[in-house]
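**Student:** here is a sequence together with a model predicted from it:
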Amino acid sequence: MELFLYTYLALINIYAFTLMGIDKKRARKQVYRISERSLWLSAFLGGAPGALLGMNAFRHKTKHTAFKAGMPLLAVIEIGLFMYRVIF
C-alpha cells in the first residue's frame, strides 16, 4: 500500500509539473490551452507541490491571485498530510 501511495504521489506531481510547462508553451504559441480547471484538478489530486514547482520553473500563472495564494496553501496542506502519514 505504501509503495502505491509513493508511486501515485510521484506520478501526479510529475504530471502537474508537466501540465504547467505544456500550458506555458501553448500560451506562448497562442494555441489551445489547458484549462485552469484541469490544472487545479491535478493539484487537488495530490499534485500541488509539483504544480507549484512548475509555476515557478516556467513562470506560469504566477500573477493570478488564485494560483499565487491557493497553490502554495494547497501544497503545504498536501505535504503536511503526507508527513503525517509517514510519521504516524
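**Tutor:** Structure's in. What do you need? Numbers count the residues shown, from 1 in each chain.
**Student:** helices along the protein, start to end?
**Tutor:** For the chain, the helices defined by DSSP state H occupy 2-29, 36-42, 48-58, 65-87.
**Student:** ranking these by burial, who's on top?
**Tutor:** Most buried of those by mean neighbour count (mean count of other Cβ atoms under 10 Å) is helix 48-58; its value is a mean of 21. The C-beta positions use only the backbone N, C-alpha and C, and glycine is treated the same way.
**Student:** only the C-alpha atoms, please, for that helix, written as PDB.
**Tutor:** Output of helix 48-58 as PDB, limited to C-alpha atoms (Å, rounded to 0.1, in the frame of the first residue of the first chain):
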ATOM      1  CA  ALA A  48       0.000  20.700  -5.700                       C
ATOM      2  CA  PRO A  49       3.800  20.600  -4.900                       C
ATOM      3  CA  GLY A  50       4.600  19.600  -8.400                       C
ATOM      4  CA  ALA A  51       2.200  22.300  -9.800                       C
ATOM      5  CA  LEU A  52       3.800  24.900  -7.500                       C
ATOM      6  CA  LEU A  53       7.300  23.900  -8.700                       C
ATOM      7  CA  GLY A  54       6.000  24.100 -12.300                       C
ATOM      8  CA  MET A  55       4.600  27.500 -11.700                       C
ATOM      9  CA  ASN A  56       8.000  28.800 -10.500                       C
ATOM     10  CA  ALA A  57      10.100  26.900 -13.000                       C
ATOM     11  CA  PHE A  58       8.100  28.000 -16.000                       C
END
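**Student:** so for it, mean pLDDT?
**Tutor:** This predicted structure assigns helix 48-58 an average pLDDT of 99.
**Student:** now the angle from it to helix 2-29?
**Tutor:** Angular relation of helix 48-58 and helix 2-29 on a 0 to 180 degree scale: 30 degrees, by axes from the mean of the first three to the mean of the last three Cα atoms, to 10 degrees.
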